[in-house]
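Asks: here is my input; please provide its structure:
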Amino acid sequence: MHICKFFIIFAPNFVYNKKIFAMKRFFSCMAVALLSISMMAGEHDLLWDYTDAPPEGNPDRGLYYGGFVNDAPGVKNGLKGIKLNSSGWCCFKKAPVAGVLKLTFGPRSGLNRASLQVHTWSGDTAKEETRIGVTCEIRKLGTQCIPLTAEQNNIFITRLLNMEAVLQRIEFVEGETYVPVPCDADKGEEEAYVQEVNIDTLSENARFFLRALADANQTGHKTIYLPNGIYDLGALTLTAIEADGIRIIGESMEGTIIRNKPDYRLESISKTATLRIADDVEGTVLQNLTIENALDYYANNNGRAVCLWDQGTKTICKHVRLLSHQDTYYSNKEGGLKYFEDCEIHGTVDFICGDGNVYFNRCLLYCERRGQGSAGADYITASNAAETDKGYVFESCTIKSECPIVSLGRSWNNYPKCVFLRTTIDFSAGDFSLTDGKNNQRWTLPGMRVMPVCFGEYKTMDVKGKVISPKKHEVVFHFRGQERPMNTILTAKEAKIYTMEYVLGPWAEEVKGESER
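Replies: Numbers count the residues shown, from 1 in each chain. The predicted structure is shown next:
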């Protein structure tokens, strides 16, 4: 049993400036009282919870706060908690033990966008202290964790950004192993997206994987072996591979499943990814596993839900199955090198999208059905290749479809390039056509933002090996009044260019060595 002392601080206005807390109106508007409260450290010490009923007075179980939410109370709009704005704050004193501080945020009817900073403080005077940590930007209900050492006993929480947030629950768990919740800023409008899951609620499998990945991210060049099982990350998104040379090897493609399920209203190419290979990370290997983004696509008949967001280079995927619908695989590194072998990629719209130099060898491209009432086609690729990128090259791949119309791809942005060589059309999942006689004629003719530089195919065949692609296929791509005629059937001489060495450069030799392992 630890005896913890707590401070009651009435109406001070703390501001953070150059790591110094300046106390406005200082002692003229502050009174300090000490209370002795017995708490059992080492268990889930729930310091404060306002999800059911408001606390009676201040303090509440050792927590002291200003800026209580009372502008629109009630269960309906969820405005319960501590309002953290320019004058909102809370503080408490814990026992001298290490553990994890868990902060759970709730919604507001207006703007709910802020980042919290956690500091220590000393007694009743302002003192320069080291900032312990900062949460990601808070936009939706979620829990974030900040590790505390045994020496960090006086805890002060206040706002960092200029908007408001509602803090609904605070707890401290002694001895808890901290697993970083990835929330790296995406450049631009998606900056600092908060995760919507408390990792402590995840299964043991998921916790094992997250801990192993956090450990591997510290040094890189480690292998994580995952036995068959479901590694369910819940609503957690953007779980990041952040160091070079990390290998994640499952027991089998069908049996080892890494899964997340974001809210479908969150749909986004840069918010929902199950796994993300961070910018400039090199040498990631994924093998013998499934990555599934289980966002409910059909709830809204659309929804970008990325399985693998690859911002790295020299990435190898072998016997990997990617299960989603829109934007399933997102290659997002100009000049990046990626290799897929004997993989499955499922989706509906632009389910292989992005830039870089990507070589797909003997992969199954599975077109899922569109939403109810949708007569739209499935689009396999959406190329966004840079001028110097080779784009997407598919060698000896197979296409199956539950959607009646399939487009090999459409141009997204920049200099779109995509080539299919010796592709097998397999009707075992359902009959489908590569043309609707209008906008989709093997490829989608209208560009999203540009026209393609090169869209081509060579010797497309049926399951018996009979070539079924036409000898010529002259179409006119167009975008905003501009047109670009193109014969999308390659000659043998043209097709010969698109080798693994052409796409991947000298790294192709390393890839061949990896394929023999």
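Asks: okay, CA-based contacts and neighbour counts for the rest of this
Replies: Will do.
Asks: burial of the nearest residue to Gly99 once chain neighbours are set aside, as a residue count?
Replies: Counting by C-alpha to C-alpha, 6 or more residues apart in numbering, Glu174 is the residue found nearest to Gly99 once chain neighbours are left out, at 4.1 Å. Glu174 has 24 neighbours, counted by other C-alpha atoms under 10 Å.
Asks: these two touch, right, Glu174 and Val97?
Replies: Yes. The pair Glu174 / Val97 is scored as a contact, 6.4 Å apart, by C-alpha atoms under 8 Å.
Asks: now the lengthiest helix in the chain - C-alpha only, CSV.
Replies: Ranked by residue count, the top helix of the chain under DSSP state H comes out as helix 204-219. Provided in CSV are the C-alpha atoms of helix 204-219 (Å, rounded to 0.1, in the frame of the first residue of the first chain):
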residue,chain,number,x,y,z
GLU,A,204,-2.4,-11.6,-26.6
ASN,A,205,-1.4,-12.3,-30.2
ALA,A,206,-1.7,-8.7,-31.2
ARG,A,207,0.1,-7.5,-28.1
PHE,A,208,2.9,-9.9,-28.8
PHE,A,209,3.3,-8.7,-32.4
LEU,A,210,3.2,-5.0,-31.4
ARG,A,211,5.9,-5.6,-28.7
ALA,A,212,8.1,-7.6,-31.1
LEU,A,213,7.8,-4.9,-33.7
ALA,A,214,8.5,-2.1,-31.2
ASP,A,215,11.6,-4.0,-30.2
ALA,A,216,12.7,-4.6,-33.8
ASN,A,217,12.2,-0.9,-34.6
GLN,A,218,14.8,0.0,-32.0
THR,A,219,17.7,-1.6,-33.8
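Asks: and that helix, what's buried?
Replies: Across helix 204-219, burial judged by 16 or more other C-alpha atoms under 10 Å covers 205-207, 209-210, 212-214, 216-217.
Asks: run through this protein and note the low-pLDDT ranges.
Replies: For the chain, residues meeting the criterion pLDDT under 70 lie at 1-88, 105-117, 119, 121-142, 159-165, 176-200, 301, 372-375, 517.
Asks: Arg449 in helix, strand or coil?
Replies: Under DSSP: H, G, I helix; E, B strand; the rest coil, Arg449 falls in the coil class.
Asks: contacting residues around it?
Replies: Counting by C-alpha atoms under 8 Å, 6 or more residues apart in numbering, Arg449 makes contact with 411-413, 479.
Asks: against Ile399, how distant is it?
Replies: Going from Arg449 to Ile399 by C-alpha to C-alpha, to the nearest Å gives 26 Å.
Asks: what bridges to Val467?
Replies: Met461 (DSSP bridges).
Asks: the helices in the protein, which residues?
Replies: 204-219, 492-495, 500-504, 507-515.
Asks: if we can go back for a sec, tabulate the contacts of Arg449 (a markdown table), appending distance to Lys102 and neighbour count.
Replies: As requested, the contacts of Arg449 are exported to a markdown table (distance: C-alpha to C-alpha, whole Å; neighbours: other C-alpha atoms under 10 Å):
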| residue | distance to Lys102 | neighbour count |
| --- | --- | --- |
| Ser411 | 45 | 31 |
| Trp412 | 42 | 22 |
| Asn413 | 42 | 19 |
| Phe479 | 51 | 16 |
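Asks: adding distance to Leu337, write those residues out as a markdown table.
Replies: Shown next, in a markdown table, are the contacts of Arg449 (distance: C-alpha to C-alpha, whole Å):
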| residue | distance to Leu337 |
| --- | --- |
| Ser411 | 20 |
| Trp412 | 20 |
| Asn413 | 19 |
| Phe479 | 29 |
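Asks: now, which of the residues you listed lie within strands?
Replies: Mapping the contacts of Arg449 onto strands (DSSP state E) picks out 411, 479.
Asks: near His473, how many other residues are there?
Replies: His473, neighbours per other C-alpha under 10 Å, totals 15.
Asks: reformat the helices of the chain as CSV; add distance to Phe351.
Replies: Below are the helices of the chain laid out as CSV (distance: least, C-alpha to C-alpha, whole Å):
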stretch, distance to Phe351
helix 204-219, 26
helix 492-495, 24
helix 500-504, 20
helix 507-515, 24
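Asks: looking at those helices, which is nearest to Val349?
Replies: Distance to Val349, taken as C-alpha to C-alpha, is lowest for helix 500-504 among the helices of the chain, at 24.5 Å.
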